[in-house]
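Colleague: okay, sequence plus prediction incoming.
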Amino acid sequence: MKFKRIMAYVIDIFLVSLISSLIFSAITAKTKMEEYDKISQEYINIIYENGSGEINEDTLIDIAYQMQVKTKSLQIINLGLLFLYFGVLAYLLNGQTLGKKIFNIKVAPVKGKNLDSALFILRAVLVTNFIPKLIAIVVLLLGNKNTWFIVNNYVSYASTFLLFAMLGFMIFRDDERGLHDLICNTKVIDTKEKAPDKKSDTNEK
C-alpha cells in the first residue's frame, strides 16, 4: 500500500504540473517566455562557468528572483489546480484521483461511510503544502527581493518538514496513516479488497 500511495501521488503531481505548464504556455506571451528562457540560460551559464571557482551569491539570488517573478502566473495556476485536483475533484470522485484510480486505492473516513467535506479539503491543503506555497506567492507578489529570499528559505524548510512528517508517519505506522490522515481522521484503502463479512465481524465483537 505504501508503494501504491507514493506512486499515485507522483502521477498526480506530474499530471497537475503538466496541465499547469500547458495553461501557462497558452496564456503567456512569446516575449515573456523568451525573457524567462534567457534568464534561465544565464543562470545555467553562471553555474557552469564558475563551477570550480567562487560564484557571486547576490547575482544568483537576483537571477533566481527574476525567474520566480517571470513564472508567478505559473505558480498561481499550479497552486489553484492542486487545490481543485486534490481537494474538490477528489472529494467529488469519492476520495480518488487519477493516480489513486490507477492503483485501485482511495481516501476513506476512519469511521462512517461518508467523507467530511471540510476535513477532506483540509487534508488536501496539507498534502499539497498549500499554505507554505501560498505564503511564498504572496511575498513574491507584494514583497521585494530580500524579503522573498528570506521568506522563501523558511517556506522551503516548512514544506520539507511537512512532507517528511507525512511520509514518516505513513511509512512507520502499522496502519499506514500519514500525519494528514491522523489530523483529518481519514485512511487510504484498497478498493479491490472485499468488505469484511458482517457475520464474522459480529462474532469478533
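Modeller: That came in fine, so what should we check first?

Colleague: C-alpha only now, for contacts and for neighbours.
Modeller: Will do.

Colleague: show me where this structure has strands.
Modeller: 105-109, 186-190 (DSSP state E).

Colleague: so which of these is the most packed in?
Modeller: Stretch with highest mean neighbour count among the strands of the chain: strand 105-109 (a mean of 21; mean count of other CA atoms under 10 Å).

Colleague: counting contacts, what elements does that one pack onto?
Modeller: The criterion is 3 or more CA pairs under 8 Å, 6 or more residues apart in numbering; DSSP states H and E, and the helices and strands that strand 105-109 contacts are strand 186-190.

Colleague: tally of neighbours for L119?
Modeller: By other CA atoms under 10 Å, the residues close to L119 number 18.

Colleague: picking up where we left off before, any chance of the strands of the chain in a markdown table, with mean pLDDT and distance to Q66 too?
Modeller: Formatted as a markdown table, the strands of the chain follow (pLDDT from 0 to 100; distance: least, CA to CA, whole Å):
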| stretch | mean pLDDT | distance to Q66 |
| --- | --- | --- |
| strand 105-109 | 94 | 39 |
| strand 186-190 | 93 | 40 |
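
Colleague: which residue packs closest to N129, ignoring adjacent ones?
Modeller: S159 (6.1 Å; CA to CA, 6 or more residues apart in numbering).

Colleague: wait, I meant V88
Modeller: I121 (7.2 Å).

Colleague: and for T186?
Modeller: Using CA to CA, 6+ apart, the nearest residue to T186 is P109, at 4.4 Å.

Colleague: just to revisit the earlier point, dump the strands of the chain to a markdown table, plus distance to S21.
Modeller: A markdown table is the format used below for those (distance: least, CA to CA, whole Å):
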| stretch | distance to S21 |
| --- | --- |
| strand 105-109 | 27 |
| strand 186-190 | 29 |
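
Colleague: for V151, find the nearest of those strands.
Modeller: When the strands of the chain are compared by CA to CA, strand 186-190 sits nearest V151, at 31.6 Å.

Colleague: and the closest one, which strands flank it?
Modeller: Strand pairing for strand 186-190, determined by DSSP bridges: strand 105-109 (antiparallel).

Colleague: does anything pack onto the longest helix belonging to the chain? Which helices or strands?
Modeller: Determined from DSSP state H, the single longest helix within the chain is helix 145-172. Packing partners of helix 145-172 (3+ CA pairs under 8 Å, 6+ apart): helix 57-70, helix 130-142, helix 179-184.

Colleague: residue ranges with poor pLDDT in the protein?
Modeller: Applying pLDDT under 70 to the chain flags the ranges 29-33, 43, 46-56, 194-205.

Colleague: thinking again about what came up before, so which of the helices and strands packed on helix 145-172 is the most surrounded?
Modeller: helix 179-184 comes out most buried of these by mean count of other CA under 10 Å, with a mean of 20.

Colleague: alright, that wraps it up for me.
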